[in-house]
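In: Provided below for reference: sequence and predicted model.
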Amino acid sequence: MFVLQQFALRCGKAEHGILIQDLIKIHAKDGRVMIFCPTKRDCEELSARHFGKEARCLHGDISQNVRSSVMQVCTLGRLHRINYVS
């Protein structure tokens, strides 16, 4: 069963990554998380700086082939974090 939890917390930009990592540790039972970022740049920086190979970005500049690949890997449980620009 899939349960959706949404969190909105105010913090400075410097604290984003640490706060998100703490929320994942506390609330994500299987570790799979989708994080929505306001910009493509935020999405890419958050992935690279705080999650490395454990995360992937999805946004309008990503090709459909890459998007499909990211979603497939996540569905199979081999990827735990997706940063997504809304």
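Out: Thanks, I have it. Residues are numbered from 1 along each chain as shown.

In: helices of the chain, residue ranges please.
Out: 16-27, 40-46, 64-75 (DSSP state H).

In: the last one - what's its average pLDDT?
Out: When pLDDT is averaged along helix 64-75, the result is 83.

In: that helix packs against which elements?
Out: Packing partners of helix 64-75 (3 or more C-beta pairs under 8 Å, 6 or more residues apart in numbering; DSSP states H and E): strand 55-58. No exception for glycine: its C-beta is placed from N, CA and C like everyone else's.

In: ok, the strand it packs on: who's next to it in the sheet?
Out: strand 81-85 (parallel) (DSSP bridges).

In: circling back to that earlier point, return the most buried member of the helices of the chain.
Out: helix 40-46 (a mean of 17; mean count of other C-beta atoms under 10 Å).

In: now stretch 37-49, how far from the centre of its chain.
Out: 9 Å (C-alpha atoms, centre = their mean, to the nearest Å).

In: can I get the helices of the chain in CSV with distance to M34?
Out: CSV is the format used below for those (distance: least, C-beta to C-beta, whole Å):
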stretch, distance to M34
helix 16-27, 11
helix 40-46, 11
helix 64-75, 9
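
In: which one of these lies closest to A55?
Out: Closest approach to A55 among those (C-beta to C-beta): helix 40-46, 7.6 Å.
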